[in-house]
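Undergrad: I'll drop the sequence and a predicted model, then ask my questions.
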Amino acid sequence: MSVVLLVRHGQASFGTDDYDRLSPRGREQSRALGTELNRRGIAPALTVTGNMKRQRETAQETSTAAAWHTTDPDIDPGWDEFNASDLLAASGEHDPRTKTDSRAFQRLLERASTRWSSGDHDADYVETFGAFTARVDASLDRVAEGLERGQTGVVFSSAGAIAWVTARLLGGGFPQWLALNRVAVNSGVTKIVIGASGTSLVAFNEHGHLPDPWVTYR
């Protein structure tokens with residue numbers, strides 16, 4: 001079998017003028033993960049990251065701490081997060097608290113995501129829910145094709161993409177995706193194995209490398 005580890009990016013910079021970069025805590029989380037992967041002796045044959053800054057920075061911090069002496073990771077935009085700003089704008093709802101209150105932001109985003117996933121308003125979005133899930137599925141297929149038997153690949157992505165892979169492997173759909181997306185921990189690791197019997201989920205959102213005060217969700 002081959003193994004794929006899906007890593008959610010470290011904490012980003014919510015409430016600042018540039019969300020798409022790691023916060024100091026996000027860098028600490030990423031380095032803690034790298035140290036743990038090094039301790040486990042994980043040496044990936046393939047590393048892939050989405051094209052978002054927070055994903056690429058997580059890959060860099062983790063790889064350095066893990067002492068992976070490899071070339072730069074492959075960039076695959078198929079692992080990018082869905083466009084939350086687009087969903088919120090299309091929803092027509094506005095709440096000034098969402099700029100600094102992560103819980104208010106999450107509540108509004110979940111309502112906007114439900115509208116997005118319905119398929120009734122596809123013309124309102126740059127990327128439909130169906131297009132998002134299809135590109136994530138295709139990206140996982142590309143990783144699987146790039147691994148030989150016994151090899152490990154590490155992918156640096158975001159909560160939405162990782163939650164979709166997890167929901168699909170569990171036979172779920174949007175309700176399961178929404179629930180999994182809600183609890184994804186920054187720098188959490190989801191483990192998938194690929195073998196003769198197909199692709200299977202082994203673990204979701206493992207984050208034992210983090211001390212409790214470092215556990216964040218946005």
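TA: Arrived safely.

Undergrad: CA atoms only for the longest strand along the chain, dumped as CSV, please.
TA: Ranked by residue count and defined by DSSP state E, the top strand of the chain is strand 198-206. Presented in CSV, the C-alpha positions along strand 198-206 are these (Å, rounded to 0.1, in the frame of the first residue of the first chain):
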residue,chain,number,x,y,z
GLY,A,198,-9.0,1.0,-3.3
THR,A,199,-8.6,4.1,-1.2
SER,A,200,-9.4,4.0,2.5
LEU,A,201,-9.5,6.5,5.4
VAL,A,202,-7.4,5.5,8.4
ALA,A,203,-7.4,8.6,10.5
PHE,A,204,-8.9,12.1,10.4
ASN,A,205,-7.6,15.3,12.0
GLU,A,206,-4.9,13.7,14.2
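
Undergrad: run the chain-centre distance for it.
TA: 14 Å (CA atoms, centre = their mean, to the nearest Å).

Undergrad: quick one, strands of this structure?
TA: 2-8, 46-49, 74-75, 152-157, 189-195, 198-206.

Undergrad: nearest to residue 23 among these would be which one?
TA: Nearest to residue 23 among the strands of the chain is strand 2-8 (14.0 Å), distances taken as CB to CB. To be clear about C-beta, it is placed using only N, CA and C from the backbone, and glycine gets the same treatment.

Undergrad: if you average pLDDT over the closest one, what comes out?
TA: Mean pLDDT, computed over strand 2-8, is 98.

Undergrad: cool, stretch 167-184 as well?
TA: pLDDT averaged over stretch 167-184 gives 97.

Undergrad: using PDB, list the CA coordinates for that stretch.
TA: The C-alpha trace of stretch 167-184 is given here as PDB (Å, rounded to 0.1, in the frame of the first residue of the first chain):
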ATOM      1  CA  ALA A 167     -16.600  12.800   3.700                       C
ATOM      2  CA  ARG A 168     -16.400  11.100   0.300                       C
ATOM      3  CA  LEU A 169     -14.300   8.200   1.600                       C
ATOM      4  CA  LEU A 170     -16.900   7.700   4.400                       C
ATOM      5  CA  GLY A 171     -19.700   7.700   1.800                       C
ATOM      6  CA  GLY A 172     -21.000  11.000   2.900                       C
ATOM      7  CA  GLY A 173     -22.000  14.300   1.200                       C
ATOM      8  CA  PHE A 174     -22.500  17.900   2.100                       C
ATOM      9  CA  PRO A 175     -23.800  17.400   5.700                       C
ATOM     10  CA  GLN A 176     -20.800  15.300   6.600                       C
ATOM     11  CA  TRP A 177     -18.500  17.700   4.800                       C
ATOM     12  CA  LEU A 178     -19.800  20.600   6.800                       C
ATOM     13  CA  ALA A 179     -19.500  18.800  10.100                       C
ATOM     14  CA  LEU A 180     -15.900  17.700   9.400                       C
ATOM     15  CA  ASN A 181     -14.900  21.100   8.100                       C
ATOM     16  CA  ARG A 182     -16.100  22.700  11.300                       C
ATOM     17  CA  VAL A 183     -13.700  20.700  13.500                       C
ATOM     18  CA  ALA A 184     -10.600  20.600  11.400                       C
END
